[in-house]
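Asker: Pasting the sequence and the predicted coordinates here, then a few questions.
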Amino acid sequence: MATTHCFQDLISSLTTFKRDFKKIFQATPQKWLMEKRLELAHYQIREKKRKPSEVYLEVGFENLSHFGYVFRKRYGYAPTELVG
């Protein structure tokens, strides 16, 4: 019984957290985190002159191809286009 009650409290707390987070940041926690990861990658590539292949793991992507796809979708150009 106690385990079920704790689980229900956890679900309620998680739901409340997500709702409150979205009110504050106008995005779900997942979308907010993705945006921050992409912003960091963009900065590292553009300002620090790093290669996408050096950055994608550091910002939390496991796959370079997926990183390139998400980056292009967000910014409208491939991360390799920033490398000069």
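Answerer: Okay, I see it. Bear in mind the structure is a predicted one, so any value in this text is a computation, not a measurement.
Asker: mean confidence score for the host helix or strand of Ala41?
Answerer: For Ala41, the host element (DSSP states H and E) is helix 29-46. The average pLDDT within helix 29-46 is 97.
Asker: How far off centre is that helix?
Answerer: With Cα atoms, centre = their mean, to the nearest Å as the basis, helix 29-46 stands 6 Å off its chain's centre.
Asker: Ok, stretch 17-32 next?
Answerer: The answer for stretch 17-32 is 13 Å, by Cα atoms, centre = their mean.
Asker: Just the buried positions in the lengthiest helix in the chain, please.
Answerer: Using DSSP state H, we find that the single longest helix of the chain is helix 2-25. Across helix 2-25, burial judged by 16 or more other Cβ atoms under 10 Å covers no residue at all. C-betas here are computed from N, CA, C, even on glycine.
Asker: Near Lys51, how many other residues are there?
Answerer: When neighbours are counted by other Cβ atoms under 10 Å, Lys51 registers 13.
Asker: So what touches stretch 37-54?
Answerer: Under the contact criterion Cβ atoms under 8 Å, 6 or more residues apart in numbering, stretch 37-54 has outside partners 55-56, 58-61, 64, 67-68, 70-71, 74-75, 79-80, 82-84.
Asker: What subset of those residues is buried?
Answerer: Counted by 16+ other Cβ under 10 Å, the contacts of stretch 37-54 give Val55, Tyr56, Val59, Phe61, Phe67, Gly68, Val70, Phe71, Pro79, Leu82 as buried.
Asker: Would you mind measuring from the third one to Thr4?
Answerer: Yep, that's Val59 we're talking about. From Val59 across to Thr4, the span is 38 Å (Cβ to Cβ, to the nearest Å).
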